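Participant: Need coordinates for the below:
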Amino acid sequence: MNEPHFRTQVGRELYPPIRPFDSRMVSAGGGHHIYVEQCGAPQGVPVICLHGGPGGGCSPTMRRFFDPKVYRIILMDQRGCGKSTPTACVAENTTGDLIADIERIRKLLGIEKWILFGGSWGAALALLYAQEYPQNVVHLVLRGVFLMTRRELNWFYGGGAGKFWPEHWQRFSGIIPAHERGDLIEAYHKRLFSGDLAQEIAFARCWHEWELRLCKLNPVSQMGEVCSSYARTVARLENHYFMNAGFLRHDNQILDDMPKIASIPGNIVHGRYDVVCPPESAWMLADSWPNCKLEIVAAGHALSEPVIQERLVSIMNELHSSGL
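Facilitator: Numbers count the residues shown, from 1 in each chain. Just a heads-up that it's a prediction; the model follows:
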């Protein structure tokens, strides 16, 4: 419990570290078991935090955006990652499966309606769940919007972001033979699922480091050792989803289905200098969602960006103050 507080640029702290009052493994079929935990107030306002990736998993810091005296905080590790098992498994692991898992958890915990809190891929998943089950959602709080479109994937894995960070792009793309660089997602797929564990780990590290280096407004030039198992999990799951276009019915599905949740209010916080998920996606989402408030702030993509942390904590406090 002696984890240091994280301070934002304006001096507001995240809430102090808290421990779960409930944690369990939920059987989800297909051999998958989903890790779920609850923190804060057992009778409080339910909010589920949806992590990014796919494959990123939750961390204890994610509990700390919510006043534990007010909110019933639910965290889950999506299929194949975090404490969920089996690790790095892509069998029976689709967006539809994840949406079903979220709904299974809501019913299991006896929650009628809840707030969805998600960032990056978690923002996409929150929107997709809300569009499937709008009657169960009272509010969405989204950060670093990602809409799982070909345009976004082409930007990050096709050279767009690499124009800002050519030295990192060279490392990411240069490990692939020149004749395969026209589709780096597919080229990495061959190696991440080769069955050769050493090769999978080597390419997973490159895949994961490419994203890590660009997540913050001021990326660090030197990175510490990346955990091999974590990198392999994130890389395999992200690549699996991106190879399958997020398992959506069609490109632009999320924006096309926004009328389904037009009446649900929301908040969006997005970094002005986010090169992982450029602000265009957040702008397009807000333009199709009159019942939301978009804030573009001086930050990159990461949840750990101080100004993003400050705004998310403030939004959750404002929701409570407004009587939600």
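Participant: Excluding sequence neighbours, find me the nearest residue to His320.
Facilitator: Spatial nearest neighbour of His320, excluding adjacent residues (Cβ to Cβ, 6 or more residues apart in numbering): Val70 at 5.0 Å. For the C-beta atoms, the positions are set from N, CA and C on the backbone; glycine is no exception.
Participant: That neighbour contacts Ser321, correct?
Facilitator: No - if you go by Cβ atoms under 8 Å, Val70 and Ser321 don't touch, sitting 9.8 Å apart.
Participant: Of the two, give the one with the bigger neighbour count.
Facilitator: Set Val70 next to Ser321 and count neighbours by other Cβ atoms under 10 Å: Val70 wins out with 18 against 9.
Participant: For the more buried one, give me its contacts.
Facilitator: By Cβ atoms under 8 Å, 6 or more residues apart in numbering, Val70 lies in contact with 40-41, 44-45, 320.
Participant: give me the low-pLDDT residue ranges for the stretch 151-300 of the chain?
Facilitator: Filtered on pLDDT under 70, the stretch 151-300 of the chain yields the residue ranges 219-225.
Participant: ok, which stretches of it are strands?
Facilitator: Shown for the stretch 151-300 of the chain, the strands assigned by DSSP state E, counting those that start in this stretch span residues 266-271, 292-297.
Participant: which of the ones you listed sits most buried?
Facilitator: Of the strands of the stretch 151-300 of the chain, the one with the most neighbours on average (mean count of other Cβ atoms under 10 Å) is strand 266-271, at a mean of 25.
Participant: Skipping adjacent residues, who's closest to Ala204 in space?
Facilitator: Ala204's closest residue in space is Ala235 (Cβ to Cβ, 6+ apart), at 3.7 Å.
Participant: Next: Asn136.
Facilitator: Once flanking residues are discounted, Asn136 sits nearest to Lys113: 5.6 Å by Cβ to Cβ, 6+ apart.
Participant: Equivalent analysis for Gly30, please.
Facilitator: Per Cβ to Cβ, 6+ apart, closest to Gly30 is Glu92, 3.4 Å.
Participant: ok, the one you found touching Pro86?
Facilitator: No - Glu92 lies out of contact with Pro86 (Cβ under 8 Å); the separation is 10.6 Å.
Participant: Mutual contacts of these two, please.
Facilitator: By Cβ under 8 Å, 6+ apart, the residues touching both Glu92 and Pro86 are 31-32.
Participant: Of the contacts of Val70, which is the most crowded?
Facilitator: The most crowded member of the contacts of Val70, judged by other Cβ under 10 Å, is Gly40 (23 neighbours).
Participant: Counting neighbours, what do you get for the nearest residue to Ser229 once chain neighbours are set aside?
Facilitator: Spatial nearest neighbour of Ser229, excluding adjacent residues (Cβ to Cβ, 6+ apart): Thr87 at 7.2 Å. Thr87 has 18 neighbours, counted by other Cβ under 10 Å.
Participant: okay, the nearest residue to Ser84 once chain neighbours are set aside: pLDDT?
Facilitator: Excluding the flanking residues, the one nearest Ser84 by Cβ to Cβ, 6+ apart is Asp77, at 4.2 Å. According to the prediction, Asp77 has pLDDT 98.
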